[in-house]
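**Q** need the 3D shape of this:
(chains A, B, C and D)
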2 protein chains.
Amino acid sequence: MADSSELDLPRGVALAWGVSADPQRGPKREMSVEKIVDAAIEIADADGLGAVSMAAVATRLGYTPMSLYRYVSAKDDLMLLMQETATGLPPADVRDVEGWRERLRVIFRGMVDIYLRHSWMIDVPITGSPTTPNSSAWMDVMLEAVEGTPLSDEERIAVALLLTGQARWYGTVLAGYAATARATGLNPEQITAREAALYDGLISADEFPALRRAIDAGVFLSPADPFLFGFDRILDGLEAYIGRLAAGGARPAGADWATLDDADVAADKKYREAQRSVREAEKTLRAAQKHVRQTLREARERASRHPLG
Amino acid sequence: MADSSELDLPRGVALAWGVSADPQRGPKREMSVEKIVDAAIEIADADGLGAVSMAAVATRLGYTPMSLYRYVSAKDDLMLLMQETATGLPPADVRDVEGWRERLRVIFRGMVDIYLRHSWMIDVPITGSPTTPNSSAWMDVMLEAVEGTPLSDEERIAVALLLTGQARWYGTVLAGYAATARATGLNPEQITAREAALYDGLISADEFPALRRAIDAGVFLSPADPFLFGFDRILDGLEAYIGRLAAGGARPAGADWATLDDADVAADKKYREAQRSVREAEKTLRAAQKHVRQTLREARERASRHPLG
DNA sequence: ACACACTGTTTACACGATAAACAGTCCTAG
DNA sequence: CTAGGACTGTTTATCGTGTAAACAGTGTGT
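**A** Residues are numbered from 1 along each chain as shown, chains lettered A, B, ... in the order given. Below you'll find the predicted structure:
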């Protein structure tokens, strides 16, 4: 470990590592960072991250809003600490599990559980990889899980990233459900049904043939969990790769992803305009169809009641 | 397609489908939804989604903030339209590409490009799957790409979800870079270097042995793109599965993910407390070590200069 | 021509984060 | 053992949000 004297830690990160001098003089502290963070988490669990305001947290603890700033230098730091606390430590029993495949599955399950418990986690704004103790512990346990494999160090990191991303994505969708549930008071089945109805009503066979066929096959009402399928495919892919390496197969060159150049970015607005005309044309096409004229009529009626429709 | 008379579309979704009656009487409109959305996107591209306020958009167009509300019923809707516009249509040439694997790669690349262009996309709050035309078009093209395979309808949706999630995750990390770049003015290499230094300074071999080893191997300074590795593994996994199906292999039963019950959630706070003691103990351990005492001393010095460290 | 549906604007409000100045508390250096 | 001052939680105030409501001007269908 390098000498840390040269580092100046981002404010919240230092708090997360518990590396902050406790004051020696002055009155006894009545609160603590932990209590504040716990209160904030409870609010977020119940009503989403949007409900976490300094005032709300303070009120819940019976203090005035400004008092929190003696413990947490800014709301950003509070959110980082919420994230870190809710992340917690990875399951302790991973080491007992036999085989990298099962170990990764246990870890993945652990991550998804976190998002299941704390759907607001997804809404915490990201600023670089979180160099906090608990996040590092998860990273560590993932790396350890694949230590018996012929994967290179870079590849192991890539695997950890792959799991993290997949869990996060699962969490994102779960959070979407949680948010609509909060907003509408509907239960998961009702939300699914409503979304299926929306799709069903909007997707025409001419414009979106493949999607339309899927809808007709009832996929949006299926109880099967698509994320589990995805996760199993990921494990399959790793297994195939590891198998190839073990069999002495050559490691393919790690391609470097071409970045966008400025011209691409500049072209984007024109591109959007071009797409707009395409879509405009499709819109006209749509409008020519009977059932869509119906939709339009409905929408106009609605718009007249409710100016911005 | 079912009769849409029963549906009441979420406000913004109707706008996205272009299903809103243009007013007939009254003065000519000076603005348009498109111009507003474009202005908002330009602001977000330059300074992030946080910089997009109604006032900022209006100012950029030379109007007063409230004028926007004649076109866009709320900021949420504006964001939905930004998302939809920036999403655009999938690449038109996917159909020309031979083989599902290459087709998926082209689509994936297209998605990542979007996040490369518009890193703020990740920050747009999600509320259910976006039933908008462009998003549907991407879904459609993904489903079409795997039409020649023996995958079931549910599985195809799962594949589309898998790609989307992976692209989003890539985008999340890209957005993190963009955000720190904006905040600090550093270029990507400098950001990587700074993060590597942070890790290097904080991760001890005792607490995070596997991670520490990875750091020493220099993985955080490697130029290889871990997301490409991950994506290739996903494709490998799909290939393996498709191969198995084609060879007449049985389809494994789609496991249903066990949801958390209330007891689990209630136990979470106690769990966090338990973890806190573990971490507290580890902290003490850390503090007993020489180099960490060093860190602490540094931190105290810093804290005395800068009260909340 | 005139009512009124519409335009963009003004004014106003309820929150949000947080800076600055406050009076009370209590450790520690003299 | 007694200040001085570091520290506590509080009060007050500022600035930036999103958006409701009332406004005067405009142009179209009756």
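
**Q** when you work out contacts or count neighbours from here on, use the C-alpha atoms and nothing else.
**A** Will do.

**Q** spell out which parts of chain A neighbour DNA strand C.
**A** Residues of chain A lying close to DNA strand C (Cα under 7 Å from any atom of the strand) are A:24-28, A:51-56, A:65-66, A:74-76, A:304, A:307.

**Q** is A:Pro223 in a helix, a strand, or coil?
**A** With DSSP: H, G, I helix; E, B strand; the rest coil as the basis, A:Pro223 sits in coil.

**Q** so which of the residues of chain A next to DNA strand C are in strands?
**A** Counting by DSSP state E, no part of those is found in strands.

**Q** make a PyMOL selection of the buried ones in these.
**A** The following PyMOL line selects those of these that are buried, judged by 16 or more other Cα atoms under 10 Å in any protein chain shown:
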select buried, chain A and resi 52+54+55+56
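
**Q** DNA strand D contacts on the stretch 1-150 of chain A?
**A** A:23-31, A:63-67, A:70-71.

**Q** list, out of those residues, those positioned next to chain B.
**A** A:70-71 (Cα under 8 Å from any Cα of the partner chain).

**Q** for A:Thr180, which non-adjacent residue is closest in space?
**A** Of all residues not flanking A:Thr180 in the chain, B:Thr127 sits nearest, at 6.2 Å (Cα to Cα, 6 or more residues apart in numbering or on different chains).

**Q** A:Arg194 and A:Phe220: what is the separation?
**A** To A:Phe220, A:Arg194 is 10 Å away according to Cα to Cα, to the nearest Å.

**Q** the more surrounded of those two?
**A** Remark: of A:Arg194 and A:Phe220, A:Phe220 carries more neighbours, 19 against 14, as counted by other Cα atoms under 10 Å in any protein chain shown.

**Q** which residues does the more buried one contact?
**A** Counting by Cα atoms under 8 Å, 6 or more residues apart in numbering or on different chains, A:Phe220 makes contact with A:192, A:195-196.

**Q** of all the residues you listed, which comes closest to DNA strand D?
**A** DNA strand D lies nearest to A:Glu195 out of the contacts of A:Phe220, by Cα to the nearest atom of the strand, at 22.9 Å.

**Q** can you tell me the number of residues neighbouring the closest one?
**A** Residues near A:Glu195, counting by other Cα under 10 Å: 18.

**Q** was I right to think the residue nearest to A:Thr180 contacts A:Thr172?
**A** No. Judged on Cα atoms under 8 Å, B:Thr127 makes no contact with A:Thr172 at a distance of 9.7 Å.

**Q** higher neighbour count, the two?
**A** Taking other Cα under 10 Å, B:Thr127 and A:Thr172 do not tie; A:Thr172 has more neighbours (24 against 17).

**Q** where's the more buried one, which helix or strand?
**A** helix A:153-184 (DSSP states H and E).

**Q** quick one: the strands in the stretch 1-150 of chain A, in order.
**A** Taking DSSP state E, counting those that start in this stretch to define them, one finds no strands in the stretch 1-150 of chain A.

**Q** show me the shaky parts of it.
**A** Along the stretch 1-150 of chain A, segments meeting pLDDT under 70 span A:1-8, A:19, A:21.

**Q** ranges for the helices of it?
**A** With helices called from DSSP state H, counting those that start in this stretch, the stretch 1-150 of chain A shows them at A:11-16, A:33-47, A:54-61, A:75-87, A:100-117, A:133-145.

**Q** out of the ones you listed, flag the one nearest B:Ala137.
**A** With respect to B:Ala137, and counting by Cα to Cα, the nearest of the helices of the stretch 1-150 of chain A is helix A:100-117 at 28.8 Å.

**Q** contact partners of the closest one?
**A** A:45, A:86-87, A:90-91, A:94-95, A:97, A:121-122, A:142, A:145-146, A:148-149, A:163-164, A:167-168, A:170-171, A:174-175, A:235, B:260, B:265.

**Q** just the buried residues from the residues you listed, in ChimeraX please.
**A** The following ChimeraX line selects those of those that are buried, judged by 16+ other Cα under 10 Å:
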select /A:45,86,87,90,94,121,122,142,145,146,163,164,167,168,170,171,174,175,235 /B:265
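
**Q** hang on, A:Val13 packs against A:Thr131?
**A** Yes. A:Val13 lies in contact with A:Thr131 (Cα under 8 Å); the separation is 7.1 Å.

**Q** what about A:Asn134, distance to B:Val146?
**A** 39 Å.

**Q** in the stretch 101-250 of chain A, what residue is nearest DNA strand D?
**A** For the stretch 101-250 of chain A, Cα to the nearest atom of the strand, closest residue to DNA strand D: A:Ala183, 14.1 Å.

**Q** how many neighbours does that residue have?
**A** Using other Cα under 10 Å: A:Ala183 sits among 11 other residues.

**Q** same deal with A:Ser20?
**A** 22.

**Q** try A:Phe208
**A** 20.

**Q** what's the answer for A:Ala247, then?
**A** Neighbours around A:Ala247, by other Cα under 10 Å: 9.

**Q** any idea how far it is from B:Ala51?
**A** 53 Å.

**Q** kindly report the same for A:Arg233.
**A** 39 Å.

**Q** check A:Met66 too.
**A** A:Met66 sits 26 Å away from B:Ala51, going by Cα to Cα.

**Q** and A:Thr131, by the same measure?
**A** To B:Ala51, A:Thr131 is 26 Å away according to Cα to Cα.

**Q** and what of A:Leu49?
**A** Noted for A:Leu49: a distance of 19 Å to B:Ala51, by Cα to Cα.
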